[in-house]
Structure formats: C-alpha cells, structure tokens
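Asker: Show me how the following folds:
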Amino acid sequence: MIEPTYTITELAREFELTPRAIRYYEDQGLITPQRAGVQRVYTKRDRTRLRLTLRGKRLGLSLAAIRELIDMYDTAPDQSSQLVKLLEVLARRRAKLEQQREDIAAVLEEIDAFEQQCRGLLDAAEKPARRRRKA
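Answerer: Alright, predicted model coming up:
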C-alpha cells in the first residue's frame, strides 16, 4: 500500500498556515519532507509532526520543547518515557501560566485603584465648575 503524500500547499490549506510557516518549521527541524526534484513531498509522519507542533504552540510551548517531545516519538521504544516527559513539560507550562494569571490579577487591581483615584480627582475638579454654572 502506498503511503499518502502531501504538497506544501495542501498542508498549508489544511492547517491554515502559509507555505512560509511550514518551511520555517522545516528549518527548525520539526518536519523533514522528502524531495521530488525541487518540490517538497510531505509524508503522513510530517503531517502528524506538523499537527503536534501546532498543538504544542497552542499550549504555549517553545519550538525547542516541541521538537524535543516530537523527537521522542521517533526514538523511544515505549510511550511511558514520552508521557513522563510530556507531563513534566505540561506541569512547567501550567506553573508559568498560573504565575502569569497572578501577575495579571495584581496589575488589574492596580488599574482598578488608579481608575478610582482618577474618578475621584475628576469628580472633585468638576464640583466647583458645576457650582459656578448654577450661580
């Protein structure tokens, strides 16, 4: 049975990417297409690696971390070491996101306080102007 192959245009359309983005992932070693003359020919393996790359990006992983995880699928004979590594990466990412959430909450509190202060100053500045208009 012949394995299906894909062109860069087909993958770009399927994953809503530009061909340039796919070539960038190739330059980063995340996918390694074969060549048919000057045309790139992508295999099912490349398509899977591209899908995993995009999933890793959505999770906020660096391309280096994504490459490390994907490469484990090519070298590790069992899935347990891959899963342990993935859990470690996800735990680090979760911790980073939770810290960012705390930082954002602190900044939002500062913004709230500053907005209240500005509104108070604005109200104080408008009161004398209102009194002058009434008189």
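
Asker: How far off centre is the longest helix along the chain?
Answerer: As far as residue count goes, and with DSSP state H defining each element, the longest helix of the chain is helix 79-134. Between the centre of helix 79-134 and the centre of its host chain there is 21 Å, according to CA atoms, centre = their mean, to the nearest Å.

Asker: Just the buried residues of the helix or strand bottoming out on mean pLDDT in the chain, please?
Answerer: Per-element confidence for the chain was summarised using mean pLDDT, DSSP states H and E. The lowest value among helices and strands belongs to helix 63-75, with a mean of 85. Of all the residues in helix 63-75, those buried under the rule 16 or more other CB atoms under 10 Å are 65-67, 69-70, 72. Where you see a C-beta, it was placed from the backbone N, CA and C, and this is true even at glycine.

Asker: And for stretch 50-61?
Answerer: Using 16+ other CB under 10 Å as the burial criterion, the residues of stretch 50-61 that qualify are 50, 52-54, 56, 61.

Asker: Output that stretch as CSV, nothing but the C-alphas.
Answerer: Once non-C-alpha atoms are left out, stretch 50-61 reads as follows in CSV (Å, rounded to 0.1, in the frame of the first residue of the first chain):
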residue,chain,number,x,y,z
LEU,A,50,3.1,19.4,12.0
ARG,A,51,-0.2,18.8,13.8
LEU,A,52,1.7,18.1,17.1
THR,A,53,3.8,21.2,16.5
LEU,A,54,0.7,23.4,16.2
ARG,A,55,-0.9,21.8,19.3
GLY,A,56,2.3,22.5,21.2
LYS,A,57,2.2,26.1,20.1
ARG,A,58,-1.4,26.5,21.3
LEU,A,59,-0.2,25.2,24.6
GLY,A,60,2.5,27.9,24.6
LEU,A,61,5.4,25.6,24.3
